[in-house]
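Novice: Got a predicted structure plus its sequence, pasted below:
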Amino acid sequence: MNIVFYPDPVLRQKTKPLTEINREVCKKAEEMMELMHQAQGVGLAAPQAGWPVRLFIIDVDGTSCGEKVFINPVIVEEQGDLNKEEGCLSFPGITSKIIRAQRIKAHAYTLKGQKIEIEAEGLAARAWQHELDHLNGELFIDKMSPSNRLAISHQLKEFERLYKGAKVPV
Ligand SMILES: [Zn+2]
């Protein structure tokens, strides 16, 4: 697995719920965790590793405790608005302010197949919303204000140019 960069079409693909948690799923989730830590990110959705399924990982504190792999995740409640700087491992070097809910309630399945309820705020809540968007083929550039989007348009063009040349941006 590798991290997939914009404008790879897998980032816009509709993802499928996982119906079985088997050894392959666990292995891929582990690989994703490594990729995310290498890239020093706090979240990575399966499509960003070229795998169009409803799974993402979030690790906002870098500790080994707590659940970090979320399968078939659903946000059930959102509260408040916060406009803060955000980045994405599929757009290295680009950050922009994005309005997200401050707090969320959600549920998901763990790698052990247990259903868990989640309440998150701050960075974790932001990461949840960002990663869930990925599972719906939505990217943070879609949520930027028109002026913020304009400000990074030359960087997006550069990504598009590199993609056509089949080179990986660094
Ligand atoms: Zn992202």
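Specialist: Okay, I see it.
Novice: Can you name the residues bridging to residue 96?
Specialist: Per DSSP bridges, the residues bridged to residue 96 are residue 86.
Novice: Count residues in the vicinity of it, would you?
Specialist: Residues within reach of residue 96, counting by other C-beta atoms under 10 Å, total 20. Heads up, the C-betas are built off the backbone N, CA and C, glycines and all.
Novice: contacting residues for it?
Specialist: By C-beta atoms under 8 Å, 6 or more residues apart in numbering, the residues touching residue 96 are 85, 86, 140, 141, 144, 148, 149, 151, 152.
Novice: Can you classify residue 84 by secondary structure?
Specialist: The assignment at residue 84 comes out as strand when based on DSSP: H, G, I helix; E, B strand; the rest coil.
Novice: Let me know how buried it is, in neighbour terms.
Specialist: Residue neighbour count, defined by other C-beta under 10 Å, stands at 14 for residue 84.
Novice: same thing with residue 124?
Specialist: Neighbour count for residue 124, taken as other C-beta under 10 Å: 19.
Novice: and if you look at residue 80?
Specialist: By the measure other C-beta under 10 Å, the count of residues near residue 80 is 11.
Novice: Contacts only, for it.
Specialist: For residue 80, the contacting residues are 101, 102, 103, by C-beta under 8 Å, 6+ apart.
Novice: Spatially central, which residue of the protein would that be?
Specialist: residue 131 (3.1 Å; C-alpha atoms, centre = their mean).
Novice: ok, and the closest non-adjacent residue to it?
Specialist: Leaving aside its chain neighbours, residue 131 sits nearest to residue 56 (3.8 Å; criterion: C-beta to C-beta, 6 or more residues apart in numbering).
Novice: What pLDDT is listed against the one you found?
Specialist: Looking at residue 56, its pLDDT reads 98.
Novice: Let me see the contact set for it.
Specialist: The contact partners of residue 56, taken as C-beta under 8 Å, 6+ apart, are 43, 44, 45, 46, 69, 70, 73, 131, 132, 134, 135.
Novice: and the gap between it and residue 150?
Specialist: According to C-beta to C-beta, to the nearest Å, residue 56 and residue 150 sit 29 Å apart.
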